[in-house]
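1. Got a predicted structure here, sequence first:
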Amino acid sequence: MPLSQRNLLDLDEFGRDDIGLILDTGVSMAEILSRQIPRVPTLRGTTIANLFYEASTRTRVSFELAARSLGADVVNVTASGSSIEKGESLVDTLRTVQALGADMVVIRHRDAGAPYLAAATLDCPVINAGDGWHAHPSQALLDLYTVRTRLGRLEGIKLVIVGDILHSRVARSNIWGFARMGARIVLCGPPQLLPHEVTRFPGTDGLVTIEPNLDVAVEDADVVMALRIQQERMEGAHLPDLREYARLYSISEARLARANPDALVMHPGPMNQGVEISATIAYGNASVIEEQVTNGVAVRMAGIYLLAGGSAEAANGQ
Amino acid sequence: MASKDLLIKGARVIDPAANRDEIADVLVRAGRIEAVDPGLGIPDGAATIDATGQVVAPGLVDPHCHLRQPGFEYKETIGTGSRAAAAGGFTTICSMANTRPVADDRGVIETILEFAEREAVVRVLPLASVTMGMQGRQLVQMGELVDAGVIGFSDDGIPLPGADTMRTALEYATRFDRPIANHAEDPSLIAGATMHEGLTSTRLGLPAAPRQAEEIMISRDVLLSELTGGRYHALHLSSGGSVELIQRAKERGAPVTAEVTPHHLTLTDAIVGGREEPAAARLGPYDANTKVNPPLREPADLDLLRAALASGVIDCVGTDHAPHARHEKEVEFARADSGFSLFETAFATMLGLVHTGVLDLPALIERMTVAPARVYNLPHGTLRPGAPADIVIFDPELEWVVDRERFLSKGHNTPYHGLPMKGRALRTIFGGETVFDLAATPAATGGSVGA
């Protein structure tokens, strides 16, 4: 069974079957990564261009490792040191990259929607590696994968996402992904960073609620996900102070005690320890933060592989 | 040399300024309206146009457009803009001051009027900015600018930030009986915003501003109009909530007028997330041809704005024709220029509202002729004998499909591409001369007929 989608722009267009297919394929990819030589030649001769218009460590490296583990060649284009710095438009850069022979483009951009412009411009598949406040679908997929691996299910679980929901592409993609798989999602954060419209995304059917009080939100949670607080939100008058934020919204042991006993703690990174999450929690038993990073490579391999036309059956036999 | 007499026969003649709506003939002599009457005889040597089954109205008046010259000739020129306006049925167009250099002194205004004299096929009437360089601080020399031919003042595109500046501008402009027109949005609330704040912006993760950004500024401005007695014109209302603010100000006797654009009456923020139907008009998510300022809002806003236009609380329709080059729209949404190329679709869009019963045809013609003329004290927008023979002959039932590749405007930035329309100008006459004839220019008509 192939994917129904040509690109990976966000999970809103992905049905339960598509998401399940990527997660299942991720299991096969994780097996490849566990081998002595964690590499297959499946995509030999394929060139994947990573266009990173915004700084990134883990996502860029993760995509690069994923592509190389499938045998693909990788070209990295970053904003500094390229013609982007000379003012070349996104569309022109994309056309150039295509003319140079890219078979797939992975794009990270500070402006929401840039990957859609890429998809409209290019003939090859496009993967959104994060666009503005909009979407980060590969992060949501690795989060789904991590939770499914640990809890054995996604349907009916309670996920709490804590932080700056308004500016978070991770939150948005996770809303689509977890709701599509039947999870309940509680969004928690300061009210000015918690837009009511997030509960009204089409097709999420009452699965998404908001709760500005973290002590209330975490009750009976199966998963607690902290989001990174950006320093610039303080300057933008969105938040008074990090100390105040930590007092109200930090994932602490006392707060985690209100969740289910075997609740997982997640964070997309990079963390501000002592702000949105305490160090003891980040490195404690409940934390799956490092697993998220590890799983990210397998899930991105699955995404790249399936968009390149691979099937789940073939992946099993790799 | 006087041009030949022209007799337009047999049309439904709608001239709201003269309270006329009847089947009649219109006689044009020496570039002016000579007579309007049922059953005029054909004078010797007169040309005739049989307009039976069609509608004749005063040439449309657009109180708000951007012609981009001087400074941005790659987007539009006074020549191309005026021909696009003529194709849309307009014979008088009022141009905004955000040229380069800004229209803030006599030299720029004279340049614009010289270009208009040489290249325009319709009447171009410039506004000047309110403040030097549209910087929001030092007032322009209104007295000299009025002498040079300026009809009003606006920093359109940039809201006038200081209440003190607005107050002074309104007071000073009373000396010249000219309105101050403001792009009413609170600058602090719209900083960084790219669209209307709501479900669509939240879903798309786009920086957005609420409709209150407009309402706050309208509130301030109408209070200052009431304080000073200065004439205030609210540009392109987008929020339904602005309507009651305008209504209240009018009831209190403030000299306030307001306009609304065809797009704020017909499109919502949802199209920023894409449009699937009809297939020919498909838009992907984040298509910058849906980006405009103030932004498209929600269905409830459309309902209130439509009702206000019908009732007259909103005085008139302005196109806010804002042509941009392709490379300014084929970019990331946040980086794209705002605005639509609108001259060639505006009238058809508005006729669509007549077809759906929002307002009747004479009311629409009023809102697009004499009402906008009144905002700027213009004598145009009427077929009264003695007036310049500025006429549009149109077929309110003609079906066509918008094709931006056929626009006469240089700006192909439209959210209406591929949409079916019903009604359009067949012929536009300016000062007695035909400046647009659909039958004679089928290849350059803004869209295919009968498709």
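-> Happy to help now that I have it.

2. For the residue of the stretch 351-451 of chain B found nearest chain A, which residues are in contact?
-> Chain A sits closest to residue B:417 of the stretch 351-451 of chain B, with a gap of 14.7 Å, by Cβ to the nearest Cβ. For the C-beta atoms, the positions are set from N, CA and C on the backbone; glycine is no exception. Applying Cβ atoms under 8 Å, 6 or more residues apart in numbering or on different chains, we find residue B:417 in contact with B:281, B:289, B:402, B:403, B:404.

3. Can you tell me the element the residue in the stretch 251-400 of chain B positioned nearest to chain A falls in?
-> In the stretch 251-400 of chain B, no residue comes nearer to chain A than residue B:286, which is 3.0 Å away by Cβ to the nearest Cβ. Under DSSP states H and E, no helix or strand contains residue B:286.

4. circling back to that earlier point, from residue B:267, how far off is the residue of the stretch 351-451 of chain B closest to chain A?
-> Distance from residue B:417 to residue B:267, counting by Cβ to Cβ, to the nearest Å: 13 Å.

5. cool, and residue B:338?
-> 14 Å.

6. ok, now residue B:31?
-> Residue B:31 is 38 Å from residue B:267, by Cβ to Cβ.

7. circling back: need the max-distance pair from the contacts of residue B:417.
-> Using Cβ to Cβ, the two most remote members of the contacts of residue B:417 are B:289 and B:403, lying 14.0 Å apart.

8. how about the nearest residue to residue 70, chain neighbours excluded?
-> I'll assume chain A. Nearest residue to residue A:70, sequence neighbours excluded (Cβ to Cβ, 6 or more residues apart in numbering or on different chains): residue A:43, at 4.2 Å.

9. could you do chain B instead?
-> residue B:99 (5.4 Å).

10. next one: phi and psi at that neighbour?
-> Main-chain dihedrals, residue B:99, degrees, to the nearest 10: phi -90, psi -180.

11. again, but for residue A:127
-> According to degrees, to the nearest 10, residue A:127 has phi -110, psi 130.

12. Can you give me the separation between residue B:217 and residue B:162?
-> Residue B:217 sits 12 Å away from residue B:162, going by Cβ to Cβ.

13. Check residue A:287 too.
-> 52 Å.

14. out of the two, which sits in the busier spot?
-> More crowded of residue A:287 and residue B:162, by other Cβ atoms under 10 Å in any protein chain shown: residue A:287, with 18 against 13.

15. Please name the bridge partners of the more buried one.
-> residue A:265 (DSSP bridges).

16. which residues sit in contact with it?
-> Shown in contact with residue A:287 (Cβ under 8 Å, 6+ apart): A:264, A:265, A:266, A:267, A:281.

17. Could you pick out the buried ones from those residues?
-> A:264, A:265, A:266, A:267, A:281 (16 or more other Cβ atoms under 10 Å in any protein chain shown).

18. Remind me which helix or strand the nearest residue to the third one once chain neighbours are set aside belongs to.
-> Think residue A:266. Closest residue in space to residue A:266, ignoring its immediate chain neighbours: residue A:225 at 4.3 Å, by Cβ to Cβ, 6+ apart. In the assignment (DSSP H and E), residue A:225 maps to strand A:223-226.

19. so where do the strands sit in the stretch 101-250 of chain B?
-> Using DSSP state E, counting those that start in this stretch, the strands of the stretch 101-250 of chain B run over B:123-126, B:153-154, B:180-182, B:195-196, B:208-209, B:232-234.
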